[in-house]
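**Student:** below: sequence and its predicted model.
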Amino acid sequence: SLLQERMSPAVDTEALDVNSLVSLEDIQAAYDALSLEEEAVVASLDQILANQVNLDQRLSGITSLAPQLETVSADSTQLNQLISFTCGLAERVSCKVRQLDLAKSRVAECQGRVHDLIDLKLCSEGVVSALSEEDYEQAAAHIHRFLAMDESLLVCTPGQGGGGGVGLEGSLATLHEAENRVRGVVARRFDEAVKDEDLASIERFFKIFPLLGMHDEGINNFTGYLCTKLAANSKKNLKQALDTPAGSNRANIILADTLTLLFEGIARVVEIHQPLIETYYGPGRLVTVLTRLQAECDTQAGNIFAEVRRRRGIKDKVARLESGTVGAREVEGVLGELCLLQARVEMYMRFVRKRCGQDIEVSEVDPDERKKKMEDVVKMLAGSGLTRCAQESLGEYIALEQHFMAENVKLALSLDSMEQDQLTTSMLDDVFFIVKKCINRATGSQNVDCICAVINNACTLLESDFYRVFQDTVKAGLPSTYLDQAYSVIHSATGAKLAGADTDKQRQMFLAYLNNAESGGEYITRLQTTIQADLSSLQASSTVSPHQSEKIKSCLTGLPCVQAKLKGVLESGLTALRTSAVKPRLKPWLDSFCSSSHNITEEQFSDYTANDPWVQQTIVNLDNLMQSFKAGLTAANFDSLVMIVASEVTVQLEKSVVKSSFSRLGGLQFDREVRSLSSFLTSVTTWTIRDKFSRLQQMAAILNMETLLEMEEFSGTNKLTPVEVRQILHLRTDFKPEEIKRIKLS
């Protein structure tokens, strides 16, 4: 009840059993529960009484609307009847519309049947008239209209009407007879036109084939005619090429020009006749045409490649490669033509793929079918005789190109010489000129396999014969008498000549090959940049697959490998230069540091300022040493030499410092000497060498301290270990050992 819903849920009063109340606590609890229930009931009654006015008002409103409900009920009943009537009417109208639509479609079919019967009669009469006048186009048009009819429906027509069957059968028989007759006449007259080379008649009857439903026969006959003309022109061009005098301008590439004319002939055929084929046969027929033309192209191209081998003696030259009896000059004459043949084949292949792709794009809607047909075109080209001939020629070209490159590089290495005012030898320019020439020629072939093969051969050659010359020269080292001879020239008043021509030549070649190694790295960088630019233009102008792009990138990694090897040779040569020339000369100069006392007084310090006892002469000696090499080294190699001298100066000077003792002013003098050496070496090179003097500068700072207390605040000894710092502090004569031990170093 409403009263029960408003009661507190804490106590269930309905389940209260008075007989179960046996204690005062239970009775009190039951009383409290009943009191709560009473309060809830009273509150609920008060609320209901308070809402009595609102309820009375609502009941009054409902009572006033009662008369109107009868009107609403009547209107609803009337609306329901109207909707039911409308629904039935719409259903009946829809049925009538369907019946009318069916009747209309049957009338349309009947009209079509009547039109077909009328056209059949007209076609039967027209084809007889056209054949009598030899108007084969009109006869074919009548037959084309007849073939567009559904003959099975025409045959059923007489049975329904019960009459006219004889005329219908007669018309059908006449048209079938005319169809066979026209087909035979068109095929025969087309063959006669081909035999008479009557181009107008050829095109006339070619246009009639599709009207007779002979699309495949028309394409086959027409492409057969085109192949005949293509073969005749190719044979004519080949004969003219073979009759070309040897001294003419294009005699060396005349056979490549003949292959170009063959491909241009095919391209011209496609350009002229593709609109004709698409107009009368519809799109999608070009692939068939090019497939037939490709068969004839294979034959004629095979003849041209065979003549190239015979006239240029390719097979004989390749056979003589193993015996080494063929010279590089003899090979060079045919390389250009072989490369041009490859370029023309690649150009033709791109043309065929492009035209077939465009035709398939127009004729096929399904992407999967497009892809399948394009794959068939690629397979057709890959399996063609032209591709086989090109691959055989490519193998011969690569073998001859490799021989040409190897022989010329070997010749350049054997004729290596050095001009008076040059820093590098002649073989550097000659070798990279040959390599660049061969790679550029291969790039001109536009064949990725050809380019990669020549690049790989070039890298192999540079890593073997070319690199071996560097190894041998650097391994021979710098002559031990070089420094004495160099200094005798510098210091001699009469400028005495260097003794020993062989030693002088070995010295010059050693320095020149250091320059060759440094310049060779730059040559390789420029060569790689040039190749990448050429290949980028090739990729932009032709279809290069992702696989071919990765293949090219893989081949180009060989050049950085050669560059790394040359860098290794250069480092080995500089190490040899340090061991044989720099270190022996620097050691006595820096050992003399110990002969100059650094445990000095203020008077001696002032005298050292006016008359330096060691560093100025050492700088003069270092300058003379480096100037003796500067004229024979490239700028980069000279900077490397300066770095070597700086490293050796710091190492030797550190050894001399630990053998000396210092006063406070001696440390200041040592700091001045370190700064002088660092400033001098910095002035003769474009590279920074301050890092190499960081240890000496920290040592000078330690020796320049007034008291040991400064050491605890000194934080610039990150280049020296704590042991080395204490060792340097012990060099100060005024610092006590026990005080040095107490210093805390981190």
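**Tutor:** Sure thing, it's come through.

**Student:** the most centrally placed residue in the chain and Thr707: what is the separation?
**Tutor:** Nearest to the mean C-alpha position of the chain, counting by CA atoms, centre = their mean, stands Ser549 at 5.2 Å. To Thr707, Ser549 is 71 Å away according to CB to CB, to the nearest Å. For every residue, glycine as well, the C-beta is placed using N, CA and C.

**Student:** what do you get for Glu217?
**Tutor:** For Glu217, the distance to Thr707 - CB to CB - is 115 Å.

**Student:** neighbour count winner among the two?
**Tutor:** Set side by side, Glu217 and Thr707 show more neighbours around Glu217, with 16 against 10, by other CB atoms under 10 Å.

**Student:** kindly state the pLDDT recorded for the closest residue to Tyr467 other than its chain neighbours?
**Tutor:** Residue nearest to Tyr467 in three dimensions, not counting chain neighbours: Lys565, with 5.4 Å by CB to CB, 6 or more residues apart in numbering. What the model reports as pLDDT for Lys565 is 92.

**Student:** am I right that Lys565 is in a strand?
**Tutor:** No: Lys565 sits outside any strand when classified using DSSP: H, G, I helix; E, B strand; the rest coil, being helix.

**Student:** residues near it, how many?
**Tutor:** 19.

**Student:** ok, it touching Phe466?
**Tutor:** No: counting by CB atoms under 8 Å, Phe466 is not a contact partner of Lys565; they are 9.5 Å apart.

**Student:** hmm, who's touching stretch 610-625?
**Tutor:** 487, 490, 582, 585-586, 589-590, 592-593, 595-596, 645, 649, 672-673, 676-677, 680-681, 684 (CB atoms under 8 Å, 6 or more residues apart in numbering).

**Student:** of the residues you listed, select the buried ones using a PyMOL command.
**Tutor:** Buried residues within those, by 16 or more other CB atoms under 10 Å, are selected in PyMOL with:
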select buried, resi 582+585+586+589+590+593+596+645+649+672+673+677+680+681+684
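
**Student:** next one: Met699 from Ser660, what distance?
**Tutor:** For Met699 relative to Ser660 (CB to CB), the value is 11 Å.

**Student:** and those two? Which one has more around it.
**Tutor:** Met699 (28 against 17).

**Student:** for the nearest residue to the more buried one once chain neighbours are set aside, give me its contacts.
**Tutor:** Counting by CB to CB, 6+ apart, Met699 lies nearest to Ile728, which is 5.4 Å off, once chain neighbours are set aside. Applying CB under 8 Å, 6+ apart to Ile728 gives the contacts Val657, Val658, Met699, Ile702, Leu703, Leu720.

**Student:** so what's the backbone phi/psi at the last one?
**Tutor:** According to degrees, to the nearest 10, the main-chain angles of Leu720 amount to phi -120, psi 140.

**Student:** tell me how many other residues crowd it.
**Tutor:** 18.

**Student:** hmm, it is touching Gln697, no?
**Tutor:** No: the criterion here is CB under 8 Å, and Leu720 misses it with Gln697 at 10.6 Å.

**Student:** now, the contacts of stretch 610-625 that are in helices?
**Tutor:** 487, 490, 585-586, 589-590, 645, 649, 672-673, 676-677, 680-681 (DSSP state H).
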